[in-house]
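> Below are the sequence and a predicted model for it; my questions follow.
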Amino acid sequence: MSLEQITDEVAFHGEGPVWHESWGGLRWVDMLAGALLTLGSDGEVSRLEVGSRIAAFVRPRTNGGYVVGVERGIALSDSPFGIPVHSEPLWSDPNVRMNECGIDPQGRLYAGGMPYDKTPGGAKLFRIAGQQIDVIEEHVTTSNGIEFTADGLLAYYNDTGTKQTDVYDVDAAGNLSNRRLFHKGDGGSPDGLAVDSEGNVWCAINRLGLVRLYSPQAEILGQWELPCPGVTAVTLGGADAKDVFVTTSKENADVAGSGAVFHMRAEVAGQPTKLYAY
């Protein structure tokens, strides 16, 4: 398996790739530009502005629309290409913005923030289920990838400030407990992640320009180097869920490949994309 670049350098800070049929395949965010990017069947990339200077993440909804993370909360669209309507902000602090998210098997959204000035522990991780909003972690620094195993019993989490990937136990109510180390970042910054159908964990290692694949026992099953250090997130999708897509950023190093999407094929299929149940 090897990664190849499949788009031009179309984003300043590409993040959060998600595959879903409702919008025709791959969608991701140009996070610091407040835009959604969609890869068309013709290979062209379209942009959709979300009415915020931040577009932190995007996920499909059960009603056919999507949810997008905006600067201080979320916004909802009832159609795949509609302009989203902003919900009430989750916080008022102008120093904190929304960052990445994940969805559990019950369709609950887990979304976390980060302080602009990177104050340690200055943001929170929320669970959002319609009008029910709960704080899951009171103090996070850079809330990044959070993904659940297919059975919903484990959740993997990157608070990038810790320079490691952690794992939680998850109960039926969606509560996370027994947080513990899964794997160190080995000098890099674990960013976005994905969990495949067999429980293996794909992790983007920012600053080192790597994508790693871990077994459920935290063994390194594979490692791939990209031409740029700003590797931000990874997902699996496609007709057989074996297409691997990786997003990159120009934020810390504007070199060849930064801001583009890369692709390769996996041996094990990913999970079906989880939808926000609201």
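Happy to help now that I have it. Numbers count the residues shown, from 1 in each chain.
> And the helices in the protein?
In the chain, no helices are defined using DSSP state H.
> From Gly24, how far off is the residue sitting furthest away from the middle of the chain?
The outermost residue of the chain relative to its centre, with distances by C-alpha atoms, centre = their mean, is Asp42 at 24.7 Å. To Gly24, Asp42 is 10 Å away according to C-beta to C-beta, to the nearest Å. Every C-beta, even on glycine, is put in place using the N, C-alpha and C of the backbone.
> Verify the contact between Val234 and Val246 for me.
Yes - with contact defined as C-beta atoms under 8 Å, Val234 reaches Val246; the gap is 5.0 Å.
> shared neighbours of the two, anything?
With contacts defined as C-beta atoms under 8 Å, 6 or more residues apart in numbering, the residues adjacent to both Val234 and Val246 are 17, 204, 211.
> Pull the number of nearby residues for the residue nearest to Lys118 when sequence neighbours are not counted.
Distance criterion C-beta to C-beta, 6 or more residues apart in numbering; nearest residue to Lys118, sequence neighbours excluded, is Thr141 at 6.5 Å. Neighbour count of Thr141, defined by other C-beta atoms under 10 Å: 19.
> thinking again about what came up before, show me which of the shared contacts of Val234 and Val246 is closest to Ser52.
Pro17 (19.3 Å; C-beta to C-beta).
> The closest one against Trp28, yeah?
Yes - counting by C-beta under 8 Å, Pro17 does reach Trp28; the two are 4.2 Å apart.
> out of these two, which sits in the more crowded spot?
Trp28 (30 against 26).
> where's that one relative to Ser87, distance?
22 Å.
> so Arg27 touches Val58, yeah?
Yes - using C-beta under 8 Å, Arg27 is in contact with Val58, at 5.7 Å.
> Any chance you could list residues touching both of the two?
18, 36.
> what sits against the closest residue to Thr160 other than its chain neighbours?
Spatial nearest neighbour of Thr160, excluding adjacent residues (C-beta to C-beta, 6+ apart): Thr142 at 3.9 Å. For Thr142, the contact set (C-beta under 8 Å, 6+ apart) comprises 99, 114, 118, 123, 159-161.
> Any of those residues buried? List them.
99, 114, 123, 159-161 (16 or more other C-beta atoms under 10 Å).
> picking that back up, just put the contacts of Thr142 in a markdown table and tack on pLDDT and distance to Glu9.
Below are the contacts of Thr142 laid out as a markdown table (pLDDT from 0 to 100; distance: C-beta to C-beta, whole Å):
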| residue | pLDDT | distance to Glu9 |
| --- | --- | --- |
| Asn99 | 97 | 22 |
| Met114 | 97 | 24 |
| Lys118 | 91 | 26 |
| Ala123 | 98 | 29 |
| Asp159 | 97 | 28 |
| Thr160 | 94 | 23 |
| Gly161 | 92 | 27 |
